[in-house]
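Colleague: this one's sequence-less:
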């Protein structure tokens, strides 16, 4: 029995944002396939994310954590200086999604940047099944008594 089913008995949804031309992408995909998760890959090079998708991905986190300091736009706009606003940086990411540090792995409400097998396994253990479906479902509010 595989790691994931043996540890929790549930199958979880995993979103992986990656550059398919990165030499490690195939091994990352194989890792997730070996865990028997529902895997959805997002090819940010050939199917770039729009600004709304980028905003959902970076959420309330410090956007600097998501930036690839080796990218030409990072250096050109001196993104380490802190001079640009969050919206301006999101605009730059929209121009070239490879400004994102990849891969970005999202499991439920948890995300991690880069490939850290130990962290990913911890995320798989900690995330309840269908947490996104629960978050996106309309909330039922009972009338106050």
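Modeller: Received it, and whenever you're ready, just let me know what you need. Small disclaimer: the values here were computed from a predicted structure and weren't measured. Numbers count the residues shown, from 1 in each chain.
Colleague: contact partners for the spatially closest residue to residue 48 that is not a sequence neighbour?
Modeller: Take residue 48 and drop its neighbours on the chain: the residue closest to it by CB to CB, 6 or more residues apart in numbering is residue 97, 4.5 Å away. Yep, even glycine has a C-beta here, placed from its N, CA and C like the rest. Contact analysis of residue 97 by CB atoms under 8 Å, 6 or more residues apart in numbering lists 44, 45, 48, 49, 54.
Colleague: tally up the residues packed near the closest residue to residue 18 other than its chain neighbours, please.
Modeller: Closest residue to residue 18 apart from its sequence neighbours, by CB to CB, 6+ apart: residue 103 at 4.3 Å. Neighbour count for residue 103, taken as other CB atoms under 10 Å: 22.
Colleague: residues in contact with residue 103?
Modeller: Applying CB under 8 Å, 6+ apart, the residues near residue 103 are 16, 17, 18, 22, 25, 28, 113, 114, 115.
Colleague: try residue 58
Modeller: Here residue 58 is in contact with 66, 90 (CB under 8 Å, 6+ apart).
Colleague: gap between it and residue 67?
Modeller: Distance, residue 58 to residue 67, by CB to CB, to the nearest Å: 10 Å.
Colleague: same check on residue 41?
Modeller: As judged by CB to CB, residue 41 and residue 67 stand 21 Å apart.
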